[in-house]
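> One predicted model, sequence on top.
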There are 4 protein chains.
Amino acid sequence: MGGPMAVNLLNKGHSIVVYDVSKEAMKRLEDEGACVATSPSEVASKVDSIISMLPNSQHVRSCYAGDKGVFQTIQPGTLILDSSTIDPTVSKEMAGLAGKKGAVFMDAPVSGGVNAAKGGTLTFMVGGEEKEFEAAKVLLSSMGKNIVYCGEVGNGQAVKICNNMLLAITMIGTAETMNLGMRLGLEPKLMASIINTATGRCWASELYNPVPGVLENVPSSNNYQGGFGTALMVKDLGLAQAAATDTQSPTPLGSLSHQIYRLMCNSGLAEKDFSSIFLLLQEQNK
Amino acid sequence: MGGPMAVNLLNKGHSIVVYDVSKEAMKRLEDEGACVATSPSEVASKVDSIISMLPNSQHVRSCYAGDKGVFQTIQPGTLILDSSTIDPTVSKEMAGLAGKKGAVFMDAPVSGGVNAAKGGTLTFMVGGEEKEFEAAKVLLSSMGKNIVYCGEVGNGQAVKICNNMLLAITMIGTAETMNLGMRLGLEPKLMASIINTATGRCWASELYNPVPGVLENVPSSNNYQGGFGTALMVKDLGLAQAAATDTQSPTPLGSLSHQIYRLMCNSGLAEKDFSSIFLLLQEQNK
Amino acid sequence: MGGPMAVNLLNKGHSIVVYDVSKEAMKRLEDEGACVATSPSEVASKVDSIISMLPNSQHVRSCYAGDKGVFQTIQPGTLILDSSTIDPTVSKEMAGLAGKKGAVFMDAPVSGGVNAAKGGTLTFMVGGEEKEFEAAKVLLSSMGKNIVYCGEVGNGQAVKICNNMLLAITMIGTAETMNLGMRLGLEPKLMASIINTATGRCWASELYNPVPGVLENVPSSNNYQGGFGTALMVKDLGLAQAAATDTQSPTPLGSLSHQIYRLMCNSGLAEKDFSSIFLLLQEQNK
Amino acid sequence: MGGPMAVNLLNKGHSIVVYDVSKEAMKRLEDEGACVATSPSEVASKVDSIISMLPNSQHVRSCYAGDKGVFQTIQPGTLILDSSTIDPTVSKEMAGLAGKKGAVFMDAPVSGGVNAAKGGTLTFMVGGEEKEFEAAKVLLSSMGKNIVYCGEVGNGQAVKICNNMLLAITMIGTAETMNLGMRLGLEPKLMASIINTATGRCWASELYNPVPGVLENVPSSNNYQGGFGTALMVKDLGLAQAAATDTQSPTPLGSLSHQIYRLMCNSGLAEKDFSSIFLLLQEQNK
């Protein structure tokens, strides 16, 4: 994800310094005009705004608070935008450390996948002090088209994991419902069209239907390739469950959905789009 | 439900003969101009089209195939439209019996509650032979504004219970998600507005949000009064689970949702709108 | 199941008249000394006690109340023992019809599989009038070693489906727990031995452990062959869920277990022992 | 828990130095003959064996690796036995730090509540190097009667949280099953007695039945007072779910049980014994 985001920054005329554990990835960006650094702390010493996109909470901690991390050299006044999807408590922790250095940390996780990153059409959900939001928005607009302010730091993460939990639930619900209706004799396109004008309607039924052939240009009609992998959904649901445990919030369907996607990973569907839940529910002996 | 439907038929100029176990209900319709009968079989002997609206499968069986039932006296060519929400296998059974009498039975369950019945704005989901659909549509148009053909007999029921199962799931999912987000510090209106432009969007989040104050004019903002009672949702989910068992269709979230709404009935929420699931999830000691 | 039960009756000196839809099955019993009949009603006309063992509620209704059914010719005073596992409401319905003929109907479902039937070591759970229990016990003792009185008619079924629901839950629970412990680095035999002296102990962990190699002579150590097939467990859980819906009893784990076993049937484990849930939970890419 | 454990050590003739955040608790032990210290590091400087009993992972980290923690002053050769129930990865982390100081850290969580602590009848599940187990056993035998070796460090925790997850599942399963059977008309004592000789049998049905009146001297027969509080079970299930997420182990029933106990805490049952799940399932309008 980070690569195409950096390219968009370059294309919009920004000068950037990049660091990645993959030298190959840095080489590609150098060819596009970026300067490369040998560590996060080197990046921090050279820039006035930092954007990070990392796989998980541990990576974020290490990138910012680690031995060669950003906080070793960061300059007062630096604006940090972390687009990783991580535990909101880690975002808050990083914001506290940044504050001690006179810097501003905002969480800004994205929705939309690699294609949206390439096209510059990502949605950013931003948490942090409201007075810094305008500055963040200017920068993020080079990489996305929908920049939403969600409240204090950590709230970007909170919205992201809440939205994805509901998506996880509605997708399984849609797949169960379509499968049940089909076994009762309903034609799937007709069934989807009725539900989509009725109270069962959801994004998953309407724009990302998990039954092959109901919609064109969605993963289910392309052997569940592309899209949002089941393993990534499991990661986001892990964050949602951790947040639910921290706050003692009952999430019976969110929790069961987490387990079901985990079972799918067990069954060889980890790299398929998460709408492949339909495959798990279908009678497989047919 | 049957009362306001009958009134709409009268208002549109139809002559009708009515039967109800409640004499009071019949009296009201007699005052509006209906003829009253003493049994379903008497109704059947006097009309060329029959519309029924009954609480469950047993009532439908009794009304049609019972001692004083419709099939005792029905005339060949009669068109039957059963708007009850029942087991699709019972609809098929009734259609078979009707066929032996030379009559046509179609299932035509509705969505929309008492207010839609009064306003003549119900949606009818119709199952039966396609060549009879036009005749059915003419009649149903006096009581509803959206008449949808769903395929063979029983398919109206199938669409109805599938839609309501998905609604049940998305409502609990929305309530879990809103509650989690609020405990994480999100403002509920802002949270709903972001989700409603994102992939978690569903009818329940957008038009019937279960959190008080997010939307006006929905049950959650009126102490969960009105709307669609939890006990009725439990009934529909019972039909969905019976259909899932008949067809061996896995419905993990639909099944768990059934249990959760049942728990709600246990906890005194049976007569509240089904969006009152939010109350069960909230911390009640606060 | 019926075959070995009949053989035990013959071996204990009873004269019997048998009927089965399979002529082959009747032939085998004829060779052992049984008389054969051409219908349930013929059986009923020739005996003073009737024992039935049938696959489901529909078969029981047909065998007793059907065209050539037992109730066509049954003699007053006949004792009926139905060992089928069926809906308790059907047992009650049959008992009512039997009563009208002056006969006594008791439900007497069994636990223990084909091997227990052969060995004459079945457990019978008997429901019906207490004053008839002694007569039932005499007869059932030829086929089983544990004859338990459960209360009024239908209660034998109720105990059976309740027990099997709890068995279904504890088996999945044991499989989840063993799998989790093993992934955490625990040695399965050691782990089972500790749990079996602690509060997690259950029949499934102690005597029927689902992890291959923990116990000898159980299906898990024989490629999950033999034992109690997953499809049969799904059938019993269907009865439990129907009873839960009838009585509005919340059964969240029983209901989810039903769905999980149904998924297992989808995944090719229908004919394996129900302890093969362990296979579904294991990482299958290893 | 720590108090009565310390008293037992004193009663068996050990000299002990104690530290607790509660001065009152230390005072009580001082009156019994213990020396008191002002910090964990002071304790560590004065003893050759350390036993800790703390509420959660954070407390353990702080007690050992914090500013005034054990590792500041610990002497080489010290044997540490941590009886807290915590995340096994934290046990491993502490063992690593202890090793650097030349000390030995073993996890030794307990089963049995305050009464077992007082009576010296706790069960200890011990993880760590096998050659140290004998020394640990000698010490733990002053406080418990069942000292079980579970393998490498962290395995004591792993067994504990696995056992408690299975206990959580079997308790809810037993409560569901008893409630269903009772609504079907079964007498609860009779029902339990049959299940306890059959395949549904588990510790929860046999020795800790959640239905009032089935057993004497269990919390359900004492208004669910005493025993193991629901909030504590929620804590242990949180550890189990974290372990399941770390190892990507599917635990559908364990996960749902976690959510159900969380709902119970919401409903005012947090301080009641965890068998009070029966109250949540019962029809509460009766």
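Noted; the coordinates are in hand.

> Now do the strands in the stretch 51-200 of chain A.
Ranges of strands within the stretch 51-200 of chain A are A:79-82, A:104-107, A:110-111, A:122-126, A:144-149, based on DSSP state E, counting those that start in this stretch.

> Around chain C, pick out the residues from chain A.
Residues of chain A found near chain C (Cβ under 8 Å from any Cβ of the partner chain) are A:252, A:256, A:263, A:266-268, A:280-285. To be clear about C-beta, it is placed using only N, CA and C from the backbone, and glycine gets the same treatment.

> winner for burial among the strands of the stretch 51-200 of chain A?
Most buried of the strands of the stretch 51-200 of chain A, by mean neighbour count (mean count of other Cβ atoms under 10 Å in any protein chain shown): strand A:104-107, with a mean of 28.

> does any bit of that one sit next to chain B?
No. On the criterion Cβ under 8 Å from any Cβ, strand A:104-107 is out of touch with chain B, staying 12.2 Å away.

> Rounded mean pLDDT for that strand, please.
For strand A:104-107, the mean pLDDT works out to 98.

> Might you name the residue of the stretch 51-200 of chain A sitting closest to chain C?
Nearest to chain C in the stretch 51-200 of chain A, going by Cβ to the nearest Cβ, is A:E176, at a distance of 9.5 Å.

> wait, that residue sits on B:L256?
No. Taking contacts as Cβ atoms under 8 Å, A:E176 lies outside contact range of B:L256: 10.6 Å.

> Quick check on the two: which one has the bigger neighbour count.
Per other Cβ atoms under 10 Å in any protein chain shown, whichever of A:E176 and B:L256 has more neighbours is A:E176, with 30 against 26.

> how close does the closest residue to the more buried one other than its chain neighbours get to B:A243?
Of all residues not flanking A:E176 in the chain, B:T251 sits nearest, at 4.5 Å (Cβ to Cβ, 6 or more residues apart in numbering or on different chains). Going from B:T251 to B:A243 by Cβ to Cβ, to the nearest Å gives 9 Å.

> which residues do those two both contact?
Common contact partners of B:T251 and B:A243 (Cβ atoms under 8 Å, 6 or more residues apart in numbering or on different chains): A:L180.

> Of the two, which one has the most company?
B:T251 (31 against 24).

> List the residues that contact that one.
Contacts of B:T251 were listed using Cβ under 8 Å, 6+ apart, and they are A:176-177, A:180, B:165, B:240-241, B:244, C:259.

> residue ranges with poor pLDDT in the stretch 1-150 of chain A?
Applying pLDDT under 70 to the stretch 1-150 of chain A flags no residue at all.

> one step back: from the contacts of B:T251, which ones fall inside helices?
Applying DSSP state H to those, the entries found in helices are A:176-177, A:180, B:165, B:240-241, B:244, C:259.

> Export the residues you listed as CSV, with columns for pLDDT and distance to A:N222.
Compiled in CSV, the ones in helices among the contacts of B:T251 are given as follows (pLDDT from 0 to 100; distance: Cβ to Cβ, whole Å):
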residue, pLDDT, distance to A:N222
A:E176, 98, 22
A:T177, 98, 22
A:L180, 98, 24
B:M165, 98, 27
B:A240, 98, 30
B:Q241, 98, 33
B:A244, 97, 28
C:Q259, 98, 28
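
> of all the residues you listed, which comes closest to chain D?
Closest to chain D out of the ones in helices among the contacts of B:T251 is C:Q259 (8.9 Å), distances taken as Cβ to the nearest Cβ.

> Neighbours of the closest residue to that closest one other than its chain neighbours, how many?
Once flanking residues are discounted, C:Q259 sits nearest to B:P252: 4.4 Å by Cβ to Cβ, 6+ apart. As a burial measure, B:P252 scores 28 neighbours (other Cβ under 10 Å).

> Tell me who's in contact with B:P252.
Neighbour list for B:P252: A:172, A:176, A:256, A:260, C:256, C:259-260, C:263, D:252 [criterion: Cβ under 8 Å, 6+ apart].

> for A:L167, same thing?
Neighbours of A:L167 in contact, by Cβ under 8 Å, 6+ apart: A:203-204, B:199-200.

> Name the pair among those residues with the greatest separation in space.
Pairwise distances among these were taken by Cβ to Cβ; the largest, 9.2 Å, belongs to A:A204 and B:G200.

> Find residues that contact each of those two.
Counting by Cβ under 8 Å, 6+ apart, the contacts common to A:A204 and B:G200 are A:167, A:170.

> does stretch A:227-240 come close to chain D?
Yes. Stretch A:227-240 lies within reach of chain D by Cβ under 8 Å from any Cβ, at A:234, A:238.

> what about that stretch, near chain B?
Yes. Stretch A:227-240 is in contact with chain B by Cβ under 8 Å from any Cβ, via A:A240.

> just stretch A:181-189 next, same as before
Yes. Interface with chain B: stretch A:181-189 contributes A:181, A:183-187 (Cβ under 8 Å from any Cβ).

> quick one: low-confidence parts of the stretch 151-286 of chain A?
Residues of the stretch 151-286 of chain A meeting the criterion pLDDT under 70: A:284-286.

> Could you tell me which residues of it lie near chain D?
Contact residues (Cβ under 8 Å from any Cβ) of the stretch 151-286 of chain A with chain D: A:234, A:238, A:241-242, A:245, A:248-252, A:255-256, A:258-260, A:262-263, A:265-266.

> now these: which count as buried?
With neighbours counted by 16 or more other Cβ atoms under 10 Å in any protein chain shown, these contain buried members at A:234, A:238, A:241-242, A:245, A:249-252, A:255-256, A:258-260, A:262-263, A:265-266.

> Domain parsing of chain A, as residue ranges.
Chain A resolves into domains spanning A:2-153, A:158-281 when parsed by automatic domain parsing.

> want to throw these into TSV with distance to C:V159?
Converted to TSV, the domains of chain A look like this (distance: least, Cβ to Cβ, whole Å):
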stretch	distance to C:V159
domain A:2-153	48
domain A:158-281	29
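
> Point out the most buried one among the ones you listed.
Neighbour counts (mean count of other Cβ under 10 Å) averaged over each of the domains of chain A peak at domain A:158-281, with a mean of 23.
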